[in-house]
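Undergrad: Below are the sequence and a predicted model; questions follow.
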Amino acid sequence: MTDTAIEANALTKRFGRSRYALRDCAFRLPTGRVCAVVGPNGAGKSTLLTLAAGLARPTGGTLTVLGARPDEARARVAYVAQSKPLYPQLTVAETLRLGAELNPGRWDPAVAERVASVGGLDHDARIRTLSGGQRTRVALALALGKRAELLLLDEPMSDLDPLARHQLMGTLMAAAAEHGTTVVMSSHIVNELADACDHLLLVAEGRVRLGGGIDDLIGAHRLVTGRGPADRLHPHTVVESRATGRGLTAMIRPEGPVGDDWDVQEPSLEELLLAHLRAPDAPVLISPGATPRNTGVSA
Ligand SMILES: Nc1ncnc2c1ncn2[C@@H]1O[C@H](COP(=O)(O)OP(=O)(O)OP(=O)(O)O)[C@@H](O)[C@H]1O
């Protein structure tokens with residue numbers, strides 16, 4: 001048994017000659033975490049999930065999933081793509097039966113049923129007649145019914161209503177707590193991630209900018225307000241500083257005590273993410289538990 005769900009070293013994915021979807025990414029995700037993958041459109045989030053699902057191969061570096069090559073780990077991994085592909089001609093009930101047949105010895109009908117039944121979904125309805133959100137529920141029912149060790153979910157909440165989102169988050173957290181399932185989900189809905197996720201990967205322009213436990217990452221930063229200029233914040237690492245009505249507001253990583261003349265607050269997850277997204281050249285932070293151990297298994 002490995003305690004590492006995903007480990008990337010110098011992970012690179014290039015399309016064509018020069019379009020880099022991921023470039024030199026290095027991080028480790030311990031097992032049992034609920035990890036949010038966030039970043040702007042085109043950052044490389046879906047590419048990362050596709051590589052981890054073993055559906056594409058890196059063009060450089062290494063990637064291990066549950067201690068193995070991603071294609072070797074596929075039986076232990078469930079992946080829900082952003083497009084939620086399903087067979088349109090099957091009914092909901094037939095789709096769930098197919099899930100059971102494709103996953104002998106693993107399938108948990110009660111969980112699949114519970115997820116698919118949210119909102120009174122008619123099990124005799126054909127997939128092609130379902131709304132986008134209903135289709136998402138069926139895709140998630142298949143993924144959760146598989147009782148995978150690692151769930152890779154690409155924007156699972158984008159077309160769910162608020163109640164269904166809340167229920168999905170509860171189901172995912174329960175799976176992580178009861179079975180040690182590792183969950184990795186990309187999302188743009190930061191407020192809801194803050195409650196459900198305990199780990200974060202911030203991807204921007206194909207690079208992992210922040211990686212680690214959310215509490216560790218927030219704890220490493222402070223939002224400070226005071227009188228400028230910005231070089232008064234030396235020797236702290238300044239992620240971003242802006243002139244505001246109250247003087248200067250900066251997101252910093254303190255390298256020691258911050259002077260008494262600064263108002264110092266712990267940032268929210270959203271403030272932390274926005275500061276890093278506005279400052280793409282800020283120094284990368286991968287917290288100690290999230291740095292790769294370099295297992296040497298080649299991708
Ligand atoms: N099959 C492909 N061929 C060429 N370029 C691709 C391909 N797939 C992804 N890309 C490019 O790789 C980059 C990363 O794309 P990716 O889909 O991983 O981003 P994302 O972070 O998931 O974005 P979004 O939030 O919009 O879903 C983009 O510039 C995209 O155009």
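TA: Here it is on my side, so go on.
Undergrad: Setting aside sequence neighbours, what's the nearest residue to Ala275?
TA: Met251 (3.7 Å; C-beta to C-beta, 6 or more residues apart in numbering). All C-beta spots, glycine's among them, are computed from the backbone N, C-alpha and C.
Undergrad: got the residues of the chain near the ligand?
TA: When proximity is defined as C-beta under 6 Å from any ligand atom, the chain approaches the ligand at Phe15, Arg19, Ala21, Gly39, Asn41, Gly42, Ala43, Gly44, Lys45, Ser46, Thr47.
Undergrad: quick one: secondary structure of the nearest residue to the last one once chain neighbours are set aside?
TA: Across the structure, with C-beta to C-beta, 6+ apart as the measure, the residue nearest Thr47 apart from its sequence neighbours is Ala21 (4.0 Å). Following DSSP: H, G, I helix; E, B strand; the rest coil, Ala21 is assigned to strand.
Undergrad: tell me the contacts of Ala21?
TA: Lys13, Arg14, Phe15, Gly44, Thr47, Gly206 (C-beta atoms under 8 Å, 6 or more residues apart in numbering).
Undergrad: can you do 10 Å?
TA: Ala21 is in contact with 12-15, 42-48, 50-51, 56, 59, 203, 205-206, counting by C-beta atoms under 10 Å, 6 or more residues apart in numbering.
Undergrad: Likewise for Leu153?
TA: So Leu153 contacts 37, 49, 78-82, 136, 139-140, 143-144, 168, 172, 183-187 (C-beta under 10 Å, 6+ apart).
Undergrad: do Phe27 as well
TA: Taking C-beta under 10 Å, 6+ apart, we find Phe27 in contact with 6-9, 11, 35, 48, 201, 203, 208, 210-212, 284, 286-287, 290-292.
Undergrad: about what we covered before: what residues of the strand or helix carrying the residue nearest to Ala275 count as buried?
TA: For Met251, the host element (DSSP states H and E) is strand 247-253. Neighbour counts over strand 247-253 (16 or more other C-beta atoms under 10 Å) mark Leu248, Thr249, Ala250, Met251, Ile252 as buried.
Undergrad: Now for the residues of the chain next to the ligand, which sits with the most neighbours around it?
TA: Within the residues of the chain next to the ligand, neighbour counts (other C-beta atoms under 10 Å) peak at Lys45, which reaches 27 neighbours.
Undergrad: In stretch 177-186, which residues are buried?
TA: Buried residues in stretch 177-186, defined by neighbour count with 16+ other C-beta under 10 Å: Thr181, Thr182, Val183, Val184, Met185, Ser186.
Undergrad: so where do the strands sit in the stretch 151-299 of the chain?
TA: In the stretch 151-299 of the chain, the strands defined using DSSP state E, counting those that start in this stretch lie at 182-186, 199-204, 207-213, 222-226, 237-244, 247-253, 263-265, 285-286.
Undergrad: Check the stretch 1-150 of the chain too.
TA: 4-15, 19-30, 34-38, 60-65, 77-80, 150-154.
Undergrad: ok, now which ones touch His221?
TA: His221 is in contact with 210, 237, 239, 251-254, 266-267, 271-272, 275-276, 285, counting by C-beta under 10 Å, 6+ apart.
Undergrad: ugh, wrong one, I meant Leu86
TA: Val92, Thr95, Leu98, Ile127, Arg128, Leu130, Arg135, Thr136, Val138, Ala139, Leu142.
Undergrad: And the fifth one, what's its pLDDT?
TA: Read it as Arg128. On the pLDDT scale, Arg128 is placed at 94.
Undergrad: Equivalent analysis for the second one, please.
TA: pLDDT for Thr95: 96.
Undergrad: That one - how many residues pack around it?
TA: Per other C-beta under 10 Å, the neighbour tally for Thr95 reads 21.
Undergrad: winner for burial among the strands of the stretch 151-299 of the chain?
TA: strand 182-186 (a mean of 26; mean count of other C-beta atoms under 10 Å).
Undergrad: Pull the distance from that strand to the chain's centre.
TA: Distance of strand 182-186 from the chain centroid (C-alpha atoms, centre = their mean, to the nearest Å) equals 5 Å.
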